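> Based on what follows, work out the 3D shape:
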Amino acid sequence: MSVESVRLYVDRPAVAAALDARIRAAKRALGERLVILGHHYQREEVYRHADFHGDSLQLSRAAAHQKAEFIVFCGVHFMAEVADILSRPDQISILPDLNAGCAMADMASIEQVERAWTELRSVLDPDREITPVTYVNSSAALKAFCGDHGGTVCTSSNARKVLEWAFAQRPKALFFPDQHLGRWTGHQLGIPLRDMPVWDPNLPLGGLQPEEIRSARILLWKGHCSVHQMFQPAHIQRWREAHPEGKVIAHPESAFEVCAASDYVGSTDFILKTVKAAAPGSEWLVGTEINLVSRLAEEVRGENKRVEFMSPMVCMCSTMFRIDPEQLAETLEDLVAGKVRNRIQVPPATADSARRALDRMLEVS
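As a prediction, the model looks like this:
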């Protein structure tokens, strides 16, 4: 280890304190011109500086009702896009690190979805028989596709209501990019697993036979969240053996078998509210991102509640983790100096169509 590396290691608390002070100073200088949004999965040293905390849609809606000129989203790219779509024309959406993307969102591109729609036309009329539904964890282009094709957007909180709406429009749904949220939601609606085949965008006709498409209720896109794929039914079984009175709660991005083995399944907001409202002394195994779980464990420790991360292996949202205190400090200091960097701006035509899909979702919700 070099002398410089040793110095940085020794001074680590001092460096963190200095960054913290820089962020606070820039926030004071910007005042009401700035609002910082912090997603639940964000690292603590960034999360603490956010003015609002929550999931992506909650945060975007909160920002749109603020006086702020600048919306700094400590999340990932699609979240900052939603903030830009829902905010006023005079507001500027900023992502501290442009490399903070979402692997799940990248599993469905607009080119793939448009090709799938074209291929489906060889079997049926998708514009009359299929409602496209995209999870909010997707690009603005996919939200726009749904807006243009009579479809909508969903979150992990409202997916059931949205799919009920989708089936009221047309008999089938194409659900992308997360197959697991779609499968669990379909299961809640009583749809058999056999009627929810997976569409693989890398195979002709999604790897399905025409009859499978005709008989399907939901076509599930072959996409997933790598963090939630870490969780396994065996993790739940082992924990239950050691904590027979404990409860298990999982995010619906987890595999179907994990959701089925859990006592509760719901969004990040649902997980937080459920555990916080639980009886003192209760024990919980939580299947979602580690930063949220660790923060929740600290918040309820005073009530003697025990909260554990479901997987024995630590797995965080690596793209969310790209945003660090130094990037946040530099982003804010640039704004103080009159410089905007890493602005996220959705093209007007795309934003209009995406907003149409989001508005449909908000009306249903």
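
> Which residue would you name as the spatial centre of the protein?
By CA atoms, centre = their mean, the chain has its centre lying nearest to residue 137, at 5.0 Å.

> My read is that that residue contacts residue 75, right?
No: counting by CB atoms under 8 Å, residue 137 stays clear of residue 75, with 10.6 Å between them. All C-beta spots, glycine's among them, are computed from the backbone N, C-alpha and C.

> Touching both of those two, which residues are there?
Common contact partners of residue 137 and residue 75 (CB atoms under 8 Å, 6 or more residues apart in numbering): residue 56.

> could you pull out the strands for the protein?
Counting by DSSP state E, the chain has strands at residues 34-39, 52-54, 70-74, 92-94, 130-135, 152-154, 172-176, 198-199, 218-221, 247-250, 264-265, 283-287, 306-309.

> Off-centre distance for the last one?
On the basis of CA atoms, centre = their mean, to the nearest Å, strand 306-309 sits 21 Å off its chain's mean C-alpha point.

> Buried residues, that strand. List them.
Neighbour-count burial for strand 306-309 flags 307-309 (criterion: 16 or more other CB atoms under 10 Å).

> what's the closest of those residues to residue 197?
Within these, distances to residue 197 taken as CB to CB reach their minimum at residue 309, with 32.4 Å.

> Let's see the pLDDT reported for that closest one.
Residue 309 carries a pLDDT value of 94.

> Who does it form a beta bridge with?
Legend: beta-bridge partners of residue 309 under DSSP bridges are residue 286.

> and stretch 297-314, how far out from the chain's middle?
21 Å.

> Please disregard the earlier target; I meant stretch 152-159.
With CA atoms, centre = their mean, you get 11 Å for stretch 152-159.

> circling back to that earlier point, I'd like to check which residues are in contact with the residue nearest to the centre of the chain.
Going by CB under 8 Å, 6+ apart, residue 137 touches 56, 78, 102, 104-105, 177-178, 225.

> again, 10 Å this time
55-56, 76, 78-79, 82, 102-105, 107-108, 153-156, 176-178, 181, 223, 225, 253 (CB atoms under 10 Å, 6 or more residues apart in numbering).

> And residue 282, by the same measure?
Residue 282 makes contact with 243, 245-247, 275, 300, 303-307, according to CB under 10 Å, 6+ apart.

> So what does it look like in phi/psi?
For residue 282, the backbone dihedrals (degrees, to the nearest 10) come out as phi -70, psi 160.

> For residue 305, see how far away it is.
Distance, residue 282 to residue 305, using CB to CB, to the nearest Å: 5 Å.

> anything in contact with each of those two?
Taking CB under 10 Å, 6+ apart as the contact definition, residue 282 and residue 305 share the neighbouring residues residue 275.

> doesn't residue 148 make contact with residue 110?
No: using CB atoms under 10 Å, residue 110 is not in contact with residue 148, being 11.0 Å away.

> pLDDT score for the closest residue to residue 333 other than its chain neighbours?
Once flanking residues are discounted, residue 333 sits nearest to residue 26: 5.2 Å by CB to CB, 6 or more residues apart in numbering. Predicted confidence (pLDDT) at residue 26: the value is 94.

> Quick check: residue 26 vs residue 165, distance?
43 Å.

> got the contact list for residue 330?
Counting by CB under 10 Å, 6+ apart, the residues that residue 330 touches are 19, 22-23, 26, 96, 341.

> Closest to residue 360 out of those residues?
Distance to residue 360, by CB to CB, is smallest for residue 96 among those, at 30.8 Å.

> thinking residue 240 is in contact with residue 285, fair?
Yes: taking contacts as CB under 10 Å, residue 240 lies within contact range of residue 285: 8.1 Å.

> More neighbours: which of these two?
residue 285 (26 against 16; other CB atoms under 10 Å).

> Provide a list of residues in contact with that one.
Neighbours of residue 285 in contact, by CB under 10 Å, 6+ apart: 231, 235-236, 238-240, 242-243, 246-250, 262-263, 293, 306-311.

> from these, which would you call buried?
Neighbour counting with 16+ other CB under 10 Å marks 231, 235-236, 239-240, 243, 247-250, 262, 293, 307-311 as buried within the contacts of residue 285.
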